[in-house]
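Trainee: need a structure here:
(chains A, B and C)
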Amino acid sequence: MPANWSYVIAAYGIAAVALFGYWRHLARRARALAARPRAAKARAA
Amino acid sequence: MSYARRAWIVFHKDLLVERRSKEQTNALLFFCLLLLFLFQFALGPDRDRLAAALPGLLWLGFILAGLLGLGRSFLAERENDCWEGLRLTPGDKSAIYLGKLAGNCVLMTAVEIVLVVLFGVFYNVDLWTPAAPLALVLALGTIGLAAVGTLFAAMTTQVRARELLFPVLLLPVQVPLLLATVSATQALLLGQPLADVAHWLKLLAGADAVYVTIGLLTFEFVLEG
Amino acid sequence: MTRALGWLAALGLLAGLAAGFGYAPREAVQGNVQRIMYLHVPSVLTAYLAFGLVLLGSIAYLATRRPGWDRLAGSAAEIGVLFTGVTIVSGSIWGKPTWGTWWTWDARLTSTAVLFCVYVGYLMLRGLIDDPEARGRYAAVVGILGAVNIPIVHFSVKWWRALHQPSTILGPEPSPIDPAIGLALFVNWVAFTLLFAYFLSRRIEIARLEEQT
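Mentor: Okay, the predicted model is just below:
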């Protein structure tokens, strides 16, 4: 059975990018809302 | 005015409008004819390939016609400013849903009969022998499609990009119905008895019950505003 | 509170990685690829948790009309879609060396893909309605229908697969016999749940702030 580490790394890597990316997305939105409480448009998803 | 009467009025009104103008039904039926060509050309001249794909194509045709026909369920009310009238109806609003559902079932049934006949004629398939059990599968599939379609049509009538959102919402929910109806139709067309597809029929019946119930319970929330 | 959750989640994820790669043994049949399960299984469990919360929030919103429930539903759906995506991608990557293809229409992958589509549609609906009250109502209806549909999808796909693939294929589930694998799974599942709770807490807060403007 080959080591297949590349697949494992790919899977974990993509997951890490997705989850970390979402975390950063949340952080950015929170910062924007805190900085401009009145100007932020009500496009709450 | 009783619940049943209110549902009947909605149903009757839709049928009358259609019978007098015939615009929607004719366009849908012509669409079915066009689908026939589409499928034939997409699959090529190989008779066997078409025959093998037939159950799927039949239901694909229903769904495509359903997307067109059902999405417009409430368009007449919306365009003619009757939406407020619907909203202000006293009593249980789910009667309206039931009436609309009945109308849509009749419409879809008409479409399906036409498709079945066209398929039988143009693709040279024997759909007469398994007609009775096939009709049962058709009926169950229609109710499921119309139940969710009517509910989502009411919803998307008010939303931007409604022509795009309606299929996007409807199709994923239709997946189990599609799997069930195509599998059952395939078995029936191969000559298997109805008993063999009993589990599919049960799934369809169960799903239909769930969808109609949710439609009845939540329609009033869709109708507000 | 949220911050504490965040740190706990981070710790949990580290522990999960350690358990998955350090503690758990290399699986006999599938080799190292099986370790993807420590990512895939907790992801799908978290997604189901998320969509369960969407159902809860949807029903509660229709019943009480309190915006907090709608915020819960919308936030949970967004994060649920994220974890469903991770589930599908990790499942697909696991499938390539195991079954030879990037995608098979096996029961679990298909069901998960349908689930993904249902809630992407839900998010699209939310995105297209500006009025928060109408958005909450409509989304709740779709949320309820989507959630109730899950078992229906599960059975239909399972029976459909039985037609096409009578032989059972190694499902992406590790054998429950090895307790080390079980423990690693458990640790990762806890970590993912903590991460979900952290994301949810932040996302709800963002929704609340947005509605105030």
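
Trainee: Which positions in the helix or strand where B:Leu16 lies come out as buried?
Mentor: B:Leu16 belongs to helix B:3-21 when elements are defined using DSSP states H and E. By neighbour count with 16 or more other CB atoms under 10 Å in any protein chain shown, helix B:3-21 contains the buried residues B:6-7, B:10-11, B:14, B:18. (C-beta placed from N, C-alpha, C; glycine too.)

Trainee: Residue numbers of chain B in contact with chain C?
Mentor: Counting by CB under 8 Å from any CB of the partner chain, the positions of chain B adjacent to chain C are B:148, B:151-152, B:155, B:158-161, B:165, B:168-169, B:171-173, B:175-177, B:179-180, B:183, B:199-200, B:203, B:206-207, B:210-211, B:214, B:218, B:221-222, B:224-225.

Trainee: Drop anything exposed from those residues.
Mentor: The buried subset of these - by 16+ other CB under 10 Å - is B:148, B:151-152, B:155, B:158-159, B:165, B:168-169, B:171-173, B:175-177, B:179-180, B:183, B:200, B:203, B:206-207, B:210-211, B:214, B:218, B:221-222.

Trainee: Return the nearest residue of chain B with respect to chain C.
Mentor: Here the residue of chain B nearest chain C is B:Pro176; by CB to the nearest CB that distance is 3.5 Å.

Trainee: Isn't that residue up against C:Phe155?
Mentor: Yes: taking contacts as CB atoms under 8 Å, B:Pro176 lies within contact range of C:Phe155: 7.5 Å.

Trainee: any shared contact partners between these two?
Mentor: Taking CB atoms under 8 Å, 6 or more residues apart in numbering or on different chains as the criterion, B:Pro176 and C:Phe155 both touch B:Leu203.

Trainee: Okay, and the residue of chain B closest to chain C sits in which element?
Mentor: Counting by DSSP H and E, B:Pro176 is part of helix B:162-189.

Trainee: If I take the helix or strand following that helix and helix B:162-189, what angle do their directions form?
Mentor: Downstream of helix B:162-189, the first helix or strand assigned by DSSP H and E is helix B:198-223. Angle, helix B:198-223 to helix B:162-189, by axes from the mean of the first three to the mean of the last three CA atoms, to 10 degrees: 160 degrees.

Trainee: Averaged pLDDT, helix B:198-223. What do you get?
Mentor: Taken as a whole, helix B:198-223 has a mean pLDDT of 93.

Trainee: name the helices or strands packed onto it?
Mentor: Judged by 3 or more CB pairs under 8 Å, 6 or more residues apart in numbering or on different chains; DSSP states H and E, helix B:198-223 is in contact with helix B:94-122, helix B:131-156, helix B:162-189, helix C:132-164.

Trainee: Redo these as TSV? Include distance to B:Arg78.
Mentor: As requested, the helices and strands packed on helix B:198-223 are exported to TSV (distance: least, CB to CB, whole Å):
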stretch	distance to B:Arg78
helix B:94-122	13
helix B:131-156	10
helix B:162-189	9
helix C:132-164	14
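
Trainee: Spatially, which residue comes closest to B:Gly85, not counting chain neighbours?
Mentor: Once flanking residues are discounted, B:Gly85 sits nearest to B:Glu77: 7.6 Å by CB to CB, 6 or more residues apart in numbering or on different chains.

Trainee: Can you name the residues of chain C sitting close to chain B?
Mentor: Contact residues, chain C versus chain B (CB under 8 Å from any CB): C:62, C:114, C:117-118, C:120-121, C:124-125, C:128-129, C:131, C:133-134, C:137-138, C:140-142, C:144-146, C:148-149, C:152-153, C:155-157, C:159-160, C:163.

Trainee: Please name the nearest non-neighbouring residue to the residue of chain B closest to chain C.
Mentor: Computed as CB to CB, 6+ apart, the closest residue to B:Pro176 that is not its neighbour in sequence is C:Ser156, at 3.5 Å.

Trainee: In contact with the one you found, which residues?
Mentor: B:175-177, B:179-180, B:203.

Trainee: okay if I get the helices and strands packed on helix B:198-223 as TSV plus mean pLDDT and distance to B:Asp46?
Mentor: Supplementary listing: these in TSV, determined by pLDDT from 0 to 100; distance: least, CB to CB, whole Å:
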stretch	mean pLDDT	distance to B:Asp46
helix B:94-122	89	15
helix B:131-156	92	24
helix B:162-189	92	18
helix C:132-164	89	22
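
Trainee: B:Leu88: which of the ones you listed is closest?
Mentor: When the helices and strands packed on helix B:198-223 are compared by CB to CB, helix B:94-122 sits nearest B:Leu88, at 11.4 Å.

Trainee: If you count neighbours, what's buried in the closest one?
Mentor: B:94-112, B:114-116, B:118-119.

Trainee: cool, stretch B:123-139 as well?
Mentor: Across stretch B:123-139, burial judged by 16+ other CB under 10 Å covers B:123, B:125, B:127, B:130, B:133-134, B:136-139.

Trainee: Which of those sits closest to B:Leu189?
Mentor: Using CB to CB, B:Pro130 comes nearest to B:Leu189 of the buried residues of stretch B:123-139, at 6.3 Å.

Trainee: Model confidence for that closest one, exactly?
Mentor: 79.

Trainee: Identify the residues contacting it.
Mentor: Contacts of B:Pro130 by CB under 8 Å, 6+ apart are B:188-189, B:191.

Trainee: Can you select the buried ones among those for me in ChimeraX?
Mentor: Those of the contacts of B:Pro130 that count as buried under 16+ other CB under 10 Å are selected in ChimeraX with:
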select /B:188,189
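
Trainee: just the contacts of B:Pro130 that are near chain A?
Mentor: Counting by CB under 8 Å from any CB, no member of the contacts of B:Pro130 is near chain A.

Trainee: nearest to C:Phe186, of the contacts of B:Pro130?
Mentor: C:Phe186 lies nearest to B:Leu188 out of the contacts of B:Pro130, by CB to CB, at 46.7 Å.

Trainee: Just confirm that closest one contacts B:Leu134, I think it does.
Mentor: Yes: counting by CB under 8 Å, B:Leu188 touches B:Leu134, with 5.5 Å between them.

Trainee: From the buried residues of helix B:3-21, pick the one nearest chain A.
Mentor: Comparing the buried residues of helix B:3-21 against chain A with CB to the nearest CB picks out B:Val10 as the nearest, at 34.6 Å.

Trainee: And for that closest one, nearest residue in space, chain neighbours not counted?
Mentor: Of all residues not flanking B:Val10 in the chain, B:Gly99 sits nearest, at 2.7 Å (CB to CB, 6+ apart).

Trainee: OK, contacts around that neighbour?
Mentor: Taking CB under 8 Å, 6+ apart, we find B:Gly99 in contact with B:6-14.

Trainee: hmm, 10 Å instead?
Mentor: Residues near B:Gly99 by CB atoms under 10 Å, 6 or more residues apart in numbering or on different chains: B:4-15, B:150.

Trainee: and if you look at B:Gly44?
Mentor: Contacts of B:Gly44 by CB under 10 Å, 6+ apart are B:Leu50.

Trainee: In three-state terms, label B:Val125 for me.
Mentor: coil (DSSP: H, G, I helix; E, B strand; the rest coil).

Trainee: Can you pull the phi/psi pair for it?
Mentor: Backbone torsions of B:Val125, given as degrees, to the nearest 10, read phi -120, psi 140.

Trainee: Check the contact between it and B:Asp48; I expect there is one.
Mentor: No: checked against CB atoms under 10 Å, the pair B:Val125 and B:Asp48 is beyond contact range at 11.9 Å.
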